[in-house]
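Enquirer: all I have is the shape, not the residue letters:
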């Protein structure tokens, strides 16, 4: 027989909002302050092990939060059981709750996603021997696709990744920048691509396989419209959101780092990140930071933006061809003019404070100036500045 007092103790509706708020705040704090080195202790963890560790950490916070609350309770009837608390947590998304509590739930969820991503990045970057058991053929299943895209989204929000994009600071304090690192890694596009390759391996996927699959599923018009994900709106929305986040992150990192980071010497500034090619300074037909969320755009416009991104390489190849067809003297004159335009442009950019104002300035570049900027960047990336 269960007493009335025991029944009350296990009733999830008795769990007060202020207790939940304290739990989410303490949980978020523990997740944000997570020390990956101390947690992993030189071990390499699977995704499941990382998830289990974070779940245990949240259970520990739950236990300590409840213990403190119950110790301060005036009588046994107001004490809350673990079962009641967990049941309230399980029902919270079905409830109508205060804005403060809703914000705390969202912040804790974001912190959990970031902590998982950070743990997986740390584990993979400290792996002593490369993982040979990676999927490199077949089809990318839906759960793995969403897991990978979600991790890429979380990575962009990590402070260590943001710092890495800004100035090539190692992702973790106990890592060093390789002495033989390619010159291309000096630019944020390639550093973001490297982070995403690390995450691909962390979830058991060969990076080149991921690139080919994302191209097939989302980018290549010949396959995207008929593949198994053609009608999967959730997957397509997540991918589009990621593209917007990537473009914004790279643009901000480029502006943060000063004039030198606005030039990409790797293959003419065209960088492939999760199978999408785009240039840092657009071709005048698209913007690097859309004025409104891509989710709000019509379906046709969303498809157009993805295709424009994938066509950037073709545009740049055409500009190179035009330069190569000029006589040496005409080409030199053209490039010297383009260099002057580029120098003036960078000076104008650096006079503006980092953030939205700079982004808006980039969006207003007229097509002719954009063409000259891209021409100069492409030529220098291949031939250098010696002959200019």
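Expert: Received, thanks. In this text, all values refer to a predicted model and were calculated from it rather than measured experimentally.
Enquirer: remind me which residues of the stretch 251-388 of the chain are low pLDDT?
Expert: For the stretch 251-388 of the chain, applying pLDDT under 70 flags the ranges 255-316, 350, 353-360, 362-363, 381, 384-388.
Enquirer: how near is residue 235 to residue 142?
Expert: Using C-beta to C-beta, to the nearest Å, we find residue 235 at a distance of 7 Å from residue 142. To be clear about C-beta, it is placed using only N, CA and C from the backbone, and glycine gets the same treatment.
Enquirer: residue 368 versus residue 323, what's the distance?
Expert: 15 Å.
Enquirer: higher neighbour count, these two?
Expert: Ranked by neighbour count (other C-beta atoms under 10 Å), residue 323 and residue 368 place residue 323 first, with 18 against 10.
Enquirer: from residue 375, how far off is the more buried one?
Expert: 6 Å.
Enquirer: any shared contact partners between those two?
Expert: 334-335 (C-beta atoms under 8 Å, 6 or more residues apart in numbering).
Enquirer: per-residue confidence averaged over the lengthiest helix in the chain?
Expert: If you go by DSSP state H, the chain has its longest helix at helix 99-125. In this model, helix 99-125 carries a mean pLDDT of 94.
Enquirer: and stretch 197-204, by the same measure?
Expert: 95.
Enquirer: which of the residues in that stretch are buried?
Expert: 197-203 (16 or more other C-beta atoms under 10 Å).
Enquirer: other residues contacting that stretch?
Expert: Outside stretch 197-204, the residues within contact range by C-beta under 8 Å, 6+ apart are 47, 117, 120-121, 123-125, 130-131, 133-135, 144, 147-148, 151-152, 155, 206-207, 210.
Enquirer: and the longest helix of the chain, what does it pack against?
Expert: Applying 3 or more C-beta pairs under 8 Å, 6 or more residues apart in numbering; DSSP states H and E, we find helix 99-125 packed against helix 17-32, helix 36-40, helix 47-71, helix 142-157, helix 159-167, helix 188-202.
Enquirer: can you do 6 Å?
Expert: Contacts defined by 3 or more C-beta pairs under 6 Å, 6 or more residues apart in numbering; DSSP states H and E place helix 99-125 against helix 17-32, helix 36-40, helix 47-71, helix 142-157, helix 188-202.
Enquirer: what's the closest of the ones you listed to residue 216?
Expert: Residue 216 sits nearest to helix 142-157 of all the helices and strands packed on helix 99-125, at 11.4 Å, using C-beta to C-beta.
Enquirer: and that closest one with helix 159-167, angle?
Expert: Here helix 142-157 runs at an angle of 60 degrees relative to helix 159-167 (axes from the mean of the first three to the mean of the last three C-alpha atoms, to 10 degrees).
Enquirer: coming back round to it: return the members of the contacts of stretch 197-204 classed as buried.
Expert: Neighbour counting by 16+ other C-beta under 10 Å classes 47, 117, 120-121, 123-125, 134-135, 144, 147-148, 151-152, 155, 206-207, 210 among the contacts of stretch 197-204 as buried.
Enquirer: go ahead and confirm residue 149 touches residue 238.
Expert: Yes: with contact defined as C-beta atoms under 6 Å, residue 149 reaches residue 238; the gap is 4.9 Å.
Enquirer: out of those two, which sits in the more crowded spot?
Expert: Neighbour count, other C-beta under 10 Å: between residue 149 and residue 238, residue 149 has more, with 21 against 17.
Enquirer: can you pull the contacts of the more buried one?
Expert: Taking C-beta atoms under 6 Å, 6 or more residues apart in numbering, we find residue 149 in contact with 238, 242.
Enquirer: per-residue pLDDT, it?
Expert: pLDDT, read off for residue 149, is 95.
Enquirer: what does the one 3 residues further on give?
Expert: pLDDT recorded at residue 152 is 95.
Enquirer: look up how far residue 172 lies from the spatially most central residue of the chain.
Expert: For the chain, the residue nearest the mean C-alpha position is residue 156 (3.0 Å; C-alpha atoms, centre = their mean). Separation of residue 156 from residue 172 (C-beta to C-beta) stands at 17 Å.
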